[in-house]
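Please find the sequence and the predicted model below.
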Amino acid sequence: MNDMATASLQKDSTGAGHIVFFVIAAAAPLTAVVGATPAAFAFGNGAGLPGTFIVAGLIYLLFGASFTMMTRMCGSAGGFYGYIGHSLGWATGVGGAFLAIVAYTAIQTAIYGLFSYFVAAKLMLIGLDVPWWGVAIACVGLVHWCGARDIAFSGRLLGVLMLGEVLVLLALDIAILAHTGREGLEFSSFTPGAVGASGIGISLVFVIASYVGFEATTIFSEEARDPARTIPRATYIAVLFITLFYALSTWAMVQFHGAAHIGDAARANPGELYFAASRLLLGGWPTLAMETLLLTSLFASQLAFHNTITRYLFALARDGLIFKAFARTHPRFRSPHVASMAQSLSAIVLILIFAVIGADPYAIVFSWMSAFATIGILAVQCLVAVAVLRACSHNSAEFSFGRRILAPILSGVGLALCLLLVIANLPLLAGSDSLIVRTFPIISLGVGVMGAMLALRLRRLRPDRYASLARSLETIS
(Lines give C-alpha, C1' and ligand atoms only; values in the text may rest on other atoms or scores of the structure.)
Protein backbone atom coordinates (compact mmCIF):
# COMPACT_ATOMS: atom_id res chain seq x y z
CA MET A 1 0.00 0.00 0.00
CA ASN A 2 1.40 3.42 -0.90
CA ASP A 3 1.72 5.52 2.22
CA MET A 4 1.22 8.68 0.21
CA ALA A 5 -2.35 7.62 -0.41
CA THR A 6 -3.13 6.06 2.94
CA ALA A 7 -5.31 8.25 5.15
CA SER A 8 -6.95 5.89 7.58
CA LEU A 9 -5.90 4.51 10.94
CA GLN A 10 -5.79 0.84 11.84
CA LYS A 11 -9.31 -0.07 12.87
CA ASP A 12 -10.13 -2.64 15.57
CA SER A 13 -6.50 -2.51 16.74
CA THR A 14 -6.97 -1.60 20.38
CA GLY A 15 -9.32 -2.48 23.22
CA ALA A 16 -10.45 -0.84 26.43
CA GLY A 17 -7.35 -2.05 28.29
CA HIS A 18 -4.88 -0.27 26.02
CA ILE A 19 -6.95 2.92 26.03
CA VAL A 20 -7.05 2.85 29.84
CA PHE A 21 -3.24 2.57 29.82
CA PHE A 22 -3.02 5.67 27.63
CA VAL A 23 -5.21 7.72 29.96
CA ILE A 24 -3.51 6.61 33.17
CA ALA A 25 -0.04 6.90 31.63
CA ALA A 26 -0.83 10.47 30.53
CA ALA A 27 -1.94 11.23 34.10
CA ALA A 28 1.46 9.86 35.28
CA PRO A 29 0.32 8.53 38.69
CA LEU A 30 3.74 8.46 40.34
CA THR A 31 4.63 11.93 39.07
CA ALA A 32 1.24 13.37 40.05
CA VAL A 33 1.32 11.88 43.55
CA VAL A 34 4.99 12.45 44.39
CA GLY A 35 5.38 15.72 42.46
CA ALA A 36 2.05 17.56 42.70
CA THR A 37 0.29 16.54 45.90
CA PRO A 38 2.94 17.93 48.32
CA ALA A 39 2.09 21.45 47.12
CA ALA A 40 -1.62 20.74 47.57
CA PHE A 41 -0.96 19.44 51.09
CA ALA A 42 1.17 22.50 51.88
CA PHE A 43 -0.98 25.30 50.47
CA GLY A 44 -4.42 23.72 50.08
CA ASN A 45 -6.82 22.00 52.44
CA GLY A 46 -4.16 19.73 53.96
CA ALA A 47 -5.64 16.53 55.33
CA GLY A 48 -8.76 17.06 53.19
CA LEU A 49 -6.82 16.43 49.97
CA PRO A 50 -7.84 12.73 49.62
CA GLY A 51 -11.50 13.74 49.76
CA THR A 52 -10.82 16.45 47.17
CA PHE A 53 -9.77 13.74 44.73
CA ILE A 54 -13.15 12.09 45.30
CA VAL A 55 -14.89 15.39 44.46
CA ALA A 56 -12.84 15.78 41.26
CA GLY A 57 -13.50 12.15 40.37
CA LEU A 58 -17.25 12.68 40.66
CA ILE A 59 -17.02 15.69 38.34
CA TYR A 60 -15.14 13.66 35.76
CA LEU A 61 -17.42 10.65 36.09
CA LEU A 62 -20.36 12.92 35.29
CA PHE A 63 -18.38 14.44 32.44
CA GLY A 64 -17.50 10.97 31.15
CA ALA A 65 -21.14 9.90 31.30
CA SER A 66 -21.89 13.00 29.22
CA PHE A 67 -19.34 12.99 26.43
CA THR A 68 -19.31 9.22 25.84
CA MET A 69 -22.88 9.57 24.56
CA MET A 70 -21.46 11.32 21.52
CA THR A 71 -19.12 8.46 20.60
CA ARG A 72 -22.00 6.89 18.67
CA MET A 73 -22.61 10.14 16.80
CA CYS A 74 -19.16 11.38 15.84
CA GLY A 75 -16.25 9.43 17.30
CA SER A 76 -12.99 10.21 15.53
CA ALA A 77 -9.25 10.63 15.98
CA GLY A 78 -9.99 14.31 16.58
CA GLY A 79 -11.61 13.53 19.91
CA PHE A 80 -13.32 16.58 21.35
CA TYR A 81 -12.82 18.46 18.08
CA GLY A 82 -15.50 16.34 16.46
CA TYR A 83 -17.84 16.56 19.44
CA ILE A 84 -17.70 20.35 19.60
CA GLY A 85 -17.95 20.78 15.84
CA HIS A 86 -20.86 18.36 15.53
CA SER A 87 -22.91 20.29 18.09
CA LEU A 88 -21.68 23.90 18.23
CA GLY A 89 -20.54 24.43 14.65
CA TRP A 90 -17.27 23.67 12.90
CA ALA A 91 -15.74 27.09 13.56
CA THR A 92 -16.08 26.45 17.29
CA GLY A 93 -14.87 22.87 16.83
CA VAL A 94 -11.72 23.92 14.99
CA GLY A 95 -11.11 26.60 17.62
CA GLY A 96 -11.35 23.94 20.29
CA ALA A 97 -9.02 21.65 18.34
CA PHE A 98 -6.36 24.33 18.00
CA LEU A 99 -6.56 25.08 21.70
CA ALA A 100 -6.33 21.37 22.53
CA ILE A 101 -3.27 20.87 20.28
CA VAL A 102 -1.47 23.86 21.79
CA ALA A 103 -2.41 22.81 25.34
CA TYR A 104 -1.27 19.22 24.86
CA THR A 105 1.93 20.42 23.19
CA ALA A 106 2.53 22.62 26.22
CA ILE A 107 2.00 19.80 28.71
CA GLN A 108 4.25 17.48 26.73
CA THR A 109 6.96 20.17 26.63
CA ALA A 110 6.52 20.60 30.39
CA ILE A 111 7.09 16.89 30.94
CA TYR A 112 10.16 16.91 28.69
CA GLY A 113 11.51 19.69 30.90
CA LEU A 114 10.82 17.80 34.13
CA PHE A 115 12.18 14.51 32.77
CA SER A 116 15.41 16.07 31.54
CA TYR A 117 15.83 18.01 34.81
CA PHE A 118 15.79 14.78 36.82
CA VAL A 119 17.93 12.80 34.37
CA ALA A 120 20.56 15.55 34.08
CA ALA A 121 20.75 15.70 37.89
CA LYS A 122 21.24 11.91 38.08
CA LEU A 123 23.95 12.01 35.40
CA MET A 124 25.72 14.77 37.30
CA LEU A 125 26.04 12.42 40.29
CA ILE A 126 28.18 10.06 38.22
CA GLY A 127 30.28 12.84 36.75
CA LEU A 128 28.47 13.40 33.45
CA ASP A 129 27.58 17.03 32.78
CA VAL A 130 24.87 16.76 30.11
CA PRO A 131 22.69 19.81 29.41
CA TRP A 132 19.02 19.28 30.12
CA TRP A 133 18.06 20.12 26.56
CA GLY A 134 20.36 17.38 25.24
CA VAL A 135 18.57 14.84 27.42
CA ALA A 136 15.20 16.21 26.27
CA ILE A 137 16.03 15.93 22.57
CA ALA A 138 17.27 12.35 23.01
CA CYS A 139 13.99 11.55 24.75
CA VAL A 140 12.02 13.11 21.87
CA GLY A 141 13.76 10.69 19.52
CA LEU A 142 12.81 7.67 21.61
CA VAL A 143 9.21 8.86 22.02
CA HIS A 144 8.99 9.40 18.26
CA TRP A 145 10.23 5.89 17.52
CA CYS A 146 7.62 4.39 19.84
CA GLY A 147 4.81 6.68 18.68
CA ALA A 148 5.39 6.00 14.98
CA ARG A 149 4.66 2.31 15.48
CA ASP A 150 1.17 0.82 15.71
CA ILE A 151 -1.06 1.89 18.58
CA ALA A 152 -1.08 -1.59 20.14
CA PHE A 153 2.70 -1.37 20.64
CA SER A 154 2.35 1.89 22.55
CA GLY A 155 -0.53 0.43 24.55
CA ARG A 156 1.53 -2.58 25.64
CA LEU A 157 4.57 -0.46 26.52
CA LEU A 158 2.48 2.00 28.50
CA GLY A 159 0.82 -0.87 30.33
CA VAL A 160 4.19 -2.22 31.51
CA LEU A 161 5.49 1.20 32.56
CA MET A 162 2.25 2.11 34.32
CA LEU A 163 2.18 -1.19 36.20
CA GLY A 164 5.65 -0.51 37.64
CA GLU A 165 4.83 2.93 39.01
CA VAL A 166 1.48 1.80 40.39
CA LEU A 167 3.00 -1.20 42.17
CA VAL A 168 5.74 0.81 43.89
CA LEU A 169 3.24 3.39 45.14
CA LEU A 170 0.85 0.67 46.23
CA ALA A 171 3.67 -1.01 48.18
CA LEU A 172 4.29 2.26 50.02
CA ASP A 173 0.57 2.71 50.71
CA ILE A 174 0.28 -0.80 52.16
CA ALA A 175 3.40 -0.31 54.27
CA ILE A 176 2.05 2.95 55.71
CA LEU A 177 -1.35 1.51 56.48
CA ALA A 178 0.25 -1.53 58.12
CA HIS A 179 2.37 0.83 60.19
CA THR A 180 -0.90 2.75 61.00
CA GLY A 181 0.77 6.14 61.09
CA ARG A 182 1.27 8.28 64.17
CA GLU A 183 -2.38 8.57 65.14
CA GLY A 184 -3.76 5.24 63.97
CA LEU A 185 -6.02 4.84 60.95
CA GLU A 186 -8.70 7.51 60.75
CA PHE A 187 -10.99 8.74 58.00
CA SER A 188 -11.46 12.44 58.72
CA SER A 189 -9.88 13.24 55.33
CA PHE A 190 -13.16 12.32 53.66
CA THR A 191 -15.48 14.37 55.88
CA PRO A 192 -17.13 17.54 54.51
CA GLY A 193 -15.35 19.62 57.14
CA ALA A 194 -11.88 18.48 56.04
CA VAL A 195 -12.59 18.62 52.30
CA GLY A 196 -14.24 22.03 52.56
CA ALA A 197 -11.53 23.49 54.79
CA SER A 198 -9.67 26.66 53.90
CA GLY A 199 -7.59 26.11 50.80
CA ILE A 200 -9.89 23.72 48.94
CA GLY A 201 -9.77 25.98 45.91
CA ILE A 202 -5.99 25.72 45.79
CA SER A 203 -6.14 21.95 46.24
CA LEU A 204 -8.61 21.63 43.38
CA VAL A 205 -6.16 23.48 41.13
CA PHE A 206 -3.51 20.79 41.66
CA VAL A 207 -6.03 17.92 41.73
CA ILE A 208 -7.68 18.85 38.42
CA ALA A 209 -4.24 19.22 36.82
CA SER A 210 -3.62 15.58 37.79
CA TYR A 211 -6.42 14.47 35.44
CA VAL A 212 -4.86 16.05 32.34
CA GLY A 213 -4.89 13.49 29.53
CA PHE A 214 -8.42 12.37 30.33
CA GLU A 215 -9.47 13.01 26.70
CA ALA A 216 -7.33 10.15 25.41
CA THR A 217 -10.29 7.75 25.52
CA THR A 218 -12.04 9.63 22.71
CA ILE A 219 -8.90 10.14 20.62
CA PHE A 220 -8.71 6.42 19.82
CA SER A 221 -12.34 5.96 18.73
CA GLU A 222 -11.34 5.08 15.16
CA GLU A 223 -8.81 2.47 16.30
CA ALA A 224 -10.93 0.91 19.05
CA ARG A 225 -12.86 -2.32 18.78
CA ASP A 226 -16.58 -1.59 19.13
CA PRO A 227 -16.04 2.08 20.13
CA ALA A 228 -19.64 2.60 21.31
CA ARG A 229 -18.88 0.15 24.13
CA THR A 230 -15.09 0.39 24.44
CA ILE A 231 -14.81 4.18 24.86
CA PRO A 232 -17.35 4.54 27.71
CA ARG A 233 -15.93 1.47 29.46
CA ALA A 234 -12.35 2.75 29.19
CA THR A 235 -13.43 6.19 30.37
CA TYR A 236 -15.15 4.94 33.52
CA ILE A 237 -12.34 2.52 34.40
CA ALA A 238 -9.66 5.18 33.94
CA VAL A 239 -11.45 7.85 35.98
CA LEU A 240 -12.31 5.44 38.78
CA PHE A 241 -8.77 4.11 38.92
CA ILE A 242 -7.15 7.57 38.94
CA THR A 243 -9.57 8.85 41.57
CA LEU A 244 -9.36 5.90 43.94
CA PHE A 245 -5.62 5.41 43.56
CA TYR A 246 -4.80 9.09 44.15
CA ALA A 247 -7.21 9.24 47.08
CA LEU A 248 -5.65 6.09 48.59
CA SER A 249 -2.05 7.30 48.19
CA THR A 250 -2.72 10.75 49.64
CA TRP A 251 -4.81 9.29 52.47
CA ALA A 252 -1.95 6.91 53.33
CA MET A 253 0.41 9.89 53.54
CA VAL A 254 -2.02 11.62 55.90
CA GLN A 255 -1.91 8.50 58.06
CA PHE A 256 1.88 8.53 58.06
CA HIS A 257 2.26 12.13 59.21
CA GLY A 258 -1.08 12.60 60.97
CA ALA A 259 -3.91 14.89 59.90
CA ALA A 260 -2.65 17.69 62.14
CA HIS A 261 0.92 17.54 60.80
CA ILE A 262 0.66 16.74 57.07
CA GLY A 263 0.59 20.40 56.02
CA ASP A 264 3.70 21.25 58.04
CA ALA A 265 5.54 18.18 56.74
CA ALA A 266 4.78 19.13 53.13
CA ARG A 267 5.89 22.72 53.65
CA ALA A 268 9.11 21.66 55.38
CA ASN A 269 10.38 19.39 52.58
CA PRO A 270 7.90 18.81 49.73
CA GLY A 271 10.38 16.93 47.54
CA GLU A 272 11.02 14.33 50.24
CA LEU A 273 7.46 13.86 51.51
CA TYR A 274 6.99 10.43 49.91
CA PHE A 275 10.62 9.38 49.57
CA ALA A 276 11.29 9.86 53.30
CA ALA A 277 8.37 7.58 54.13
CA SER A 278 9.61 5.03 51.62
CA ARG A 279 13.15 4.97 53.08
CA LEU A 280 11.80 4.47 56.59
CA LEU A 281 9.24 1.77 55.78
CA LEU A 282 10.52 0.07 52.62
CA GLY A 283 14.26 0.65 52.71
CA GLY A 284 16.85 1.81 50.18
CA TRP A 285 16.24 -0.42 47.15
CA PRO A 286 12.46 0.14 46.90
CA THR A 287 13.07 3.88 47.25
CA LEU A 288 15.66 3.75 44.47
CA ALA A 289 13.11 1.87 42.39
CA MET A 290 10.58 4.62 43.10
CA GLU A 291 13.05 7.29 41.96
CA THR A 292 13.76 5.31 38.77
CA LEU A 293 10.08 4.66 38.08
CA LEU A 294 9.45 8.39 38.42
CA LEU A 295 11.47 8.75 35.21
CA THR A 296 9.61 5.95 33.41
CA SER A 297 6.35 7.56 34.57
CA LEU A 298 7.36 10.78 32.85
CA PHE A 299 8.40 8.90 29.69
CA ALA A 300 5.07 7.09 29.58
CA SER A 301 3.25 10.39 29.89
CA GLN A 302 5.30 11.88 27.05
CA LEU A 303 4.42 8.95 24.79
CA ALA A 304 0.73 9.16 25.67
CA PHE A 305 0.56 12.87 24.84
CA HIS A 306 2.57 12.34 21.66
CA ASN A 307 -0.07 9.90 20.41
CA THR A 308 -2.85 12.29 21.41
CA ILE A 309 -1.35 15.27 19.58
CA THR A 310 -0.57 13.32 16.41
CA ARG A 311 -4.16 12.12 16.14
CA TYR A 312 -5.47 15.65 16.47
CA LEU A 313 -3.13 16.73 13.66
CA PHE A 314 -4.21 13.72 11.59
CA ALA A 315 -7.91 14.54 12.00
CA LEU A 316 -7.49 18.21 11.11
CA ALA A 317 -5.33 17.36 8.08
CA ARG A 318 -7.84 14.79 6.83
CA ASP A 319 -10.48 17.49 6.98
CA GLY A 320 -8.30 19.83 4.91
CA LEU A 321 -7.77 22.34 7.71
CA ILE A 322 -3.98 21.98 7.95
CA PHE A 323 -1.28 20.37 5.79
CA LYS A 324 -2.76 17.33 4.04
CA ALA A 325 0.52 15.47 4.46
CA PHE A 326 -0.29 15.08 8.16
CA ALA A 327 -3.14 12.76 7.16
CA ARG A 328 -0.78 10.16 5.68
CA THR A 329 -0.41 6.94 7.60
CA HIS A 330 2.40 4.41 7.72
CA PRO A 331 1.95 1.58 5.19
CA ARG A 332 2.72 -1.07 7.80
CA PHE A 333 1.74 0.33 11.21
CA ARG A 334 -1.13 2.54 9.96
CA SER A 335 -0.01 5.18 12.43
CA PRO A 336 -0.09 8.89 11.51
CA HIS A 337 3.68 8.90 11.06
CA VAL A 338 3.95 12.22 9.19
CA ALA A 339 2.00 13.98 11.93
CA SER A 340 4.21 12.12 14.40
CA MET A 341 7.33 13.51 12.75
CA ALA A 342 5.88 17.03 12.72
CA GLN A 343 4.98 16.75 16.39
CA SER A 344 8.46 15.55 17.31
CA LEU A 345 10.14 18.32 15.33
CA SER A 346 7.93 20.93 16.97
CA ALA A 347 8.89 19.54 20.39
CA ILE A 348 12.59 19.84 19.50
CA VAL A 349 12.09 23.43 18.31
CA LEU A 350 10.36 24.39 21.57
CA ILE A 351 13.08 22.72 23.64
CA LEU A 352 15.80 24.57 21.72
CA ILE A 353 13.97 27.90 22.14
CA PHE A 354 13.83 27.39 25.90
CA ALA A 355 17.50 26.37 25.88
CA VAL A 356 18.57 29.46 23.91
CA ILE A 357 16.78 31.87 26.28
CA GLY A 358 18.28 30.06 29.27
CA ALA A 359 14.98 28.90 30.78
CA ASP A 360 15.19 26.68 33.84
CA PRO A 361 13.76 23.23 32.94
CA TYR A 362 11.86 22.96 36.24
CA ALA A 363 10.88 26.50 37.22
CA ILE A 364 9.99 27.69 33.71
CA VAL A 365 9.59 24.85 31.23
CA PHE A 366 7.71 22.49 33.54
CA SER A 367 5.87 24.89 35.83
CA TRP A 368 4.81 27.48 33.26
CA MET A 369 3.90 25.09 30.48
CA SER A 370 1.85 22.78 32.72
CA ALA A 371 -0.10 25.77 34.07
CA PHE A 372 -0.82 26.99 30.54
CA ALA A 373 -1.91 23.53 29.45
CA THR A 374 -4.32 23.14 32.36
CA ILE A 375 -6.16 26.32 31.33
CA GLY A 376 -6.49 25.22 27.71
CA ILE A 377 -7.64 21.69 28.45
CA LEU A 378 -10.23 22.80 31.01
CA ALA A 379 -11.57 25.36 28.53
CA VAL A 380 -11.97 22.67 25.88
CA GLN A 381 -13.72 20.37 28.37
CA CYS A 382 -16.18 23.15 29.25
CA LEU A 383 -16.98 23.54 25.56
CA VAL A 384 -17.57 19.79 25.30
CA ALA A 385 -20.03 19.85 28.21
CA VAL A 386 -22.05 22.54 26.41
CA ALA A 387 -21.82 20.62 23.13
CA VAL A 388 -23.10 17.42 24.72
CA LEU A 389 -26.02 19.19 26.38
CA ARG A 390 -27.07 20.69 23.06
CA ALA A 391 -26.58 17.53 21.01
CA CYS A 392 -28.17 15.02 23.38
CA SER A 393 -30.82 16.99 25.27
CA HIS A 394 -33.61 15.78 22.97
CA ASN A 395 -32.41 12.21 22.58
CA SER A 396 -34.79 10.80 25.20
CA ALA A 397 -35.29 7.53 23.31
CA GLU A 398 -31.72 6.36 23.88
CA PHE A 399 -30.43 8.18 26.97
CA SER A 400 -31.92 8.94 30.38
CA PHE A 401 -32.73 12.45 31.62
CA GLY A 402 -29.93 12.25 34.16
CA ARG A 403 -27.31 11.39 31.57
CA ARG A 404 -28.36 13.77 28.80
CA ILE A 405 -29.35 16.78 30.97
CA LEU A 406 -28.11 16.58 34.56
CA ALA A 407 -24.69 15.05 33.87
CA PRO A 408 -23.53 17.67 31.30
CA ILE A 409 -24.95 20.56 33.37
CA LEU A 410 -23.39 19.45 36.66
CA SER A 411 -20.04 18.51 35.13
CA GLY A 412 -19.98 21.68 33.03
CA VAL A 413 -20.58 23.87 36.08
CA GLY A 414 -17.94 21.94 38.03
CA LEU A 415 -15.36 22.24 35.25
CA ALA A 416 -16.12 25.96 34.78
CA LEU A 417 -15.57 26.56 38.50
CA CYS A 418 -12.30 24.63 38.32
CA LEU A 419 -11.21 26.76 35.34
CA LEU A 420 -11.93 29.95 37.29
CA LEU A 421 -10.00 28.58 40.28
CA VAL A 422 -7.01 27.75 38.09
CA ILE A 423 -7.00 31.26 36.60
CA ALA A 424 -7.39 32.87 40.05
CA ASN A 425 -4.51 30.79 41.44
CA LEU A 426 -2.34 30.83 38.33
CA PRO A 427 0.77 32.31 40.00
CA LEU A 428 0.72 29.49 42.57
CA LEU A 429 0.24 26.77 39.95
CA ALA A 430 2.96 28.20 37.70
CA GLY A 431 5.25 29.10 40.60
CA SER A 432 5.58 32.64 39.25
CA ASP A 433 3.77 35.98 39.30
CA SER A 434 5.26 36.96 35.94
CA LEU A 435 3.22 39.13 33.59
CA ILE A 436 3.68 36.44 30.94
CA VAL A 437 2.04 33.87 33.22
CA ARG A 438 -0.88 36.21 33.87
CA THR A 439 -1.50 36.49 30.11
CA PHE A 440 -1.96 32.71 29.71
CA PRO A 441 -5.80 32.93 29.71
CA ILE A 442 -5.65 35.63 27.02
CA ILE A 443 -3.21 33.60 24.94
CA SER A 444 -5.47 30.54 25.24
CA LEU A 445 -8.45 32.57 24.08
CA GLY A 446 -6.41 33.92 21.17
CA VAL A 447 -5.44 30.40 20.05
CA GLY A 448 -9.09 29.32 20.05
CA VAL A 449 -10.15 32.41 18.10
CA MET A 450 -7.37 31.81 15.57
CA GLY A 451 -8.66 28.29 14.92
CA ALA A 452 -12.22 29.51 14.54
CA MET A 453 -11.10 32.19 12.07
CA LEU A 454 -9.31 29.55 10.00
CA ALA A 455 -12.52 27.53 9.79
CA LEU A 456 -14.53 30.62 8.82
CA ARG A 457 -11.97 31.41 6.14
CA LEU A 458 -12.39 27.89 4.80
CA ARG A 459 -16.17 28.36 4.76
CA ARG A 460 -15.77 31.55 2.75
CA LEU A 461 -13.15 30.31 0.27
CA ARG A 462 -14.07 26.61 0.08
CA PRO A 463 -17.72 26.23 1.14
CA ASP A 464 -17.84 22.74 -0.34
CA ARG A 465 -14.90 21.63 1.77
CA TYR A 466 -16.36 23.24 4.88
CA ALA A 467 -19.68 21.48 4.31
CA SER A 468 -17.89 18.15 3.96
CA LEU A 469 -16.51 18.29 7.52
CA ALA A 470 -19.68 16.83 9.01
CA ARG A 471 -19.97 14.21 6.25
CA SER A 472 -16.40 13.02 6.74
CA LEU A 473 -17.05 12.62 10.44
CA GLU A 474 -20.21 10.61 9.86
CA THR A 475 -18.33 8.36 7.42
CA ILE A 476 -15.71 7.34 9.96
CA SER A 477 -17.93 7.09 13.04
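Sure, I can see it.

Output the below-cut-off pLDDT ranges for the stretch 101-250 of the chain.
150-152, 155, 181-184, 215, 221-224 (pLDDT under 70).

is it true that residue 424 touches residue 201?
Yes. With contacts counted by Cβ atoms under 8 Å, residue 424 reaches residue 201, the gap being 7.3 Å. From N, CA and C alone the C-beta is placed, and that goes for glycine too.

And the spatially closest residue to residue 101 that is not a sequence neighbour, how close does it get to residue 327?
Excluding the flanking residues, the one nearest residue 101 by Cβ to Cβ, 6 or more residues apart in numbering is residue 312, at 5.0 Å. Distance, residue 312 to residue 327, using Cβ to Cβ, to the nearest Å: 12 Å.

for residue 34, same thing?
Computed as Cβ to Cβ, the residue 34 to residue 327 distance reads 39 Å.

Which parts of the stretch 1-150 of the chain are helices?
Counting by DSSP state H, counting those that start in this stretch, residue ranges of the helices within the stretch 1-150 of the chain are 16-27, 29-31, 37-43, 49-67, 71-74, 80-88, 90-125, 132-147.

Tell me the helices and strands packed up against the first one.
In terms of contacts (3 or more Cβ pairs under 8 Å, 6 or more residues apart in numbering; DSSP states H and E), helix 16-27 is packed against helix 151-179, helix 216-219, helix 227-257, helix 284-318.

Give the rounded mean pLDDT of that helix.
Mean pLDDT, helix 16-27: 77.

how far off helix 90-125 does the strand or helix carrying residue 387 point, in degrees?
Using DSSP states H and E, residue 387 falls within helix 367-392. Counting by axes from the mean of the first three to the mean of the last three Cα atoms, to 10 degrees, helix 367-392 lies at 150 degrees to helix 90-125.

who's in contact with the helix or strand just after helix 367-392?
The helix or strand immediately downstream of helix 367-392 is helix 401, counting by DSSP H and E. Identification of contacts with helix 401 by Cβ atoms under 8 Å, 6 or more residues apart in numbering yields no residue at all.

ok, now stretch 386-398?
66-67, 69-70, 73, 83-84, 86-88, 399, 403-405, 408-409, 412.

cool, stretch 159-175 as well?
For stretch 159-175, contacts defined as Cβ under 8 Å, 6+ apart pick out 17-18, 21, 24-25, 28-30, 33, 245, 248-249, 252, 274, 277-278, 281-282, 286, 289-290, 293-294, 296-297, 299-300.

Could I get the buried residue list for that stretch?
By neighbour count on 16 or more other Cβ atoms under 10 Å, the buried set for stretch 159-175 is 159, 161-162, 164-166, 168-169, 171-173, 175.

more crowded one of residue 34 and residue 327?
residue 34 (26 against 22; other Cβ atoms under 10 Å).

Which of the helices or strands spans the residue nearest to the more buried one when sequence neighbours are not counted?
Leaving aside its sequence neighbours, residue 34 sits nearest to residue 274 (Cβ to Cβ, 6+ apart; 4.8 Å). Here residue 274, judged by DSSP H and E, is contained in helix 273-281.

Centre of the chain to that helix, how far?
27 Å (Cα atoms, centre = their mean, to the nearest Å).

Tell me the buried residues in it?
For helix 273-281, by 16+ other Cβ under 10 Å, it's 273-275, 277-278, 281.

Those residues: which two are farthest apart?
273 and 281 (13.4 Å; Cβ to Cβ).

Which of the three states applies to residue 329?
Under DSSP: H, G, I helix; E, B strand; the rest coil, the three-state class of residue 329 is coil.

my read: it touches residue 336, true?
Yes. Assessed by Cβ under 8 Å, residue 329 is found in contact with residue 336 at 5.6 Å.

pretty sure residue 32 contacts residue 210?
Yes. Residue 32 lies in contact with residue 210 (Cβ under 8 Å); the separation is 4.2 Å.

what residues are up against the residue nearest to residue 200 when sequence neighbours are not counted?
The shortest distance from residue 200 to any non-neighbouring residue, by Cβ to Cβ, 6+ apart, is to residue 45 (4.6 Å). Residue 45 is in contact with 52, 194-200, 202-203, counting by Cβ under 8 Å, 6+ apart.
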